[in-house]
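J.: Fold the following, please.
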Amino acid sequence: MLVSVTAVGAVLAVGLATTTVVNVVAAESESHRVESYGQKVEVAGGLMNVVVNGEGEDIVLLPGFGTSSPFLDFQPLVDNLAQDHRVIVVEPFGYGLSDGTERERTTENIVSEVHSALETLNVDRYILMGHSIAGIYGIEYAASYPEEVTAFVGIDSSVPGQPGMDTQFPTGLLSAAKSLGLLRLVSAASDGYGDAYSIQAREQIQMLTQRNSLSSTYLNEMTHIRTNFEHALGTGFAKELPLLLFVVSENTKTPEWLGLHQRQASSVNDGTVVPLPGEHYLHHTHAAEIADGFRQWAATRAK
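T.: A predicted model of the protein is given here:
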């Protein structure tokens, strides 16, 4: 048994040494292959990347937690909406091509930084559209800048009080996993992007995933997830702010998911829920349905 255990340990040590070296070499190579997009604006001592497409009424898109490249992740949806809107994708610090930051990743800081980026671009009246945790950030954002946000559109967005958000994440262990190259192995085995994404886009997303996932900025925001959700308890969107919520119709892990969003929609004067089949990243597979549903909803409100 001792010989067997020693042999297994030796194999693991060699394997981890190999993945570590491969990760370092690959990361250096990828740093020269990541393609630039968007424009940089100075915010709180760092550079934040923002991408603007199209013309018309402004839509500001905010990503879910940990999205490696918000613009590339949203691109099929952006391409559709930009046919008749100006779509602004903000990549918060630690996301996409934006810098990292040492500022704490509290909801307050993230919201103020995003607003500063938009302010620099003279974007001052817009529909806020966001995926996942942007639903929590969006509540504070709309409350902080009510004269600017004309509506909120959620893409399977988070809601205050949703279950499972009191988890303490093992950030130290995750950081070690990245250094050992294990993140590269896991991400290489999964994709999650539909046919709407080109091979080139997928390659760029993979490289930015290796750069941004489990970075110090990423892990700091992960650490704040529990407290950010705690601070959101009892909060909600203003009654006069229109809401449109695209929601996964059947969430097997959280059966009450659809009901939570229906209650959120009923808390405002003009709230609409659109259930869609699929997984959490609805915009990967339902970009056209989301864009068309948004247009129909917007046309109804305009009458």
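J.: Could you use CA atoms for every contact and neighbour count after this?
T.: OK.
J.: Dig out what the residue nearest to residue 278 when sequence neighbours are not counted forms beta bridges with.
T.: Leaving aside its sequence neighbours, residue 278 sits nearest to residue 248 (C-alpha to C-alpha, 6 or more residues apart in numbering; 6.1 Å). Beta bridges link residue 248 to residue 276 when assigned by DSSP bridges.
J.: List the residues that contact residue 248.
T.: Applying C-alpha atoms under 8 Å, 6 or more residues apart in numbering, we find residue 248 in contact with 156, 257-258, 275-280, 282.
J.: Find me the pLDDT at it, would you?
T.: For residue 248, the pLDDT comes out at 98.
J.: Checking my notes, residue 228 in a helix, right?
T.: Yes - according to DSSP: H, G, I helix; E, B strand; the rest coil, residue 228 belongs to a helix.
J.: I figured it hits residue 104, correct?
T.: No - Residue 228 is beyond contact range of residue 104, at 11.3 Å (criterion: C-alpha atoms under 8 Å).
J.: In terms of neighbours, single out the busier of these two.
T.: Remark: of residue 228 and residue 104, residue 228 carries more neighbours, 22 against 14, as counted by other C-alpha atoms under 10 Å.
J.: Which helix or strand contains residue 200?
T.: helix 199-212 (DSSP states H and E).
J.: Buried residues, that helix. List them.
T.: Buried residues in helix 199-212, counting neighbours by 16 or more other C-alpha atoms under 10 Å, are found at 201-202, 204-212.
J.: ok, the most centrally placed residue in the chain - contacts?
T.: The centroid of the chain falls nearest to residue 64 when counting by C-alpha atoms, centre = their mean (2.1 Å). Applying C-alpha under 8 Å, 6+ apart to residue 64 gives the contacts 130-134.
J.: Can you tell me which of these end up in strands?
T.: Of the contacts of residue 64, the ones assigned to strands by DSSP state E are 130-131.
J.: Quick check: the two most widely separated of the contacts of residue 64?
T.: 130 and 133 (7.9 Å; C-alpha to C-alpha).
J.: quick one on the thing from earlier: and the helix holding residue 200, what does it pack onto?
T.: Here helix 199-212 touches helix 2-30, helix 70-81, helix 182-188, going by 3 or more C-alpha pairs under 8 Å, 6 or more residues apart in numbering; DSSP states H and E.
J.: Can I get it in CSV? Just the C-alpha atoms.
T.: Taking C-alpha atoms only, helix 199-212 is exported to CSV below (Å, rounded to 0.1, in the frame of the first residue of the first chain):
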residue,chain,number,x,y,z
ILE,A,199,-14.2,29.8,-34.1
GLN,A,200,-12.2,32.9,-33.8
ALA,A,201,-14.5,34.4,-31.2
ARG,A,202,-14.4,31.2,-29.2
GLU,A,203,-10.6,31.2,-29.3
GLN,A,204,-10.4,34.8,-28.1
ILE,A,205,-12.9,34.0,-25.3
GLN,A,206,-10.8,31.0,-24.2
MET,A,207,-7.6,33.1,-24.0
LEU,A,208,-9.4,35.9,-22.1
THR,A,209,-10.8,33.2,-19.8
GLN,A,210,-7.3,32.1,-18.9
ARG,A,211,-6.2,35.7,-18.3
ASN,A,212,-9.2,37.0,-16.3
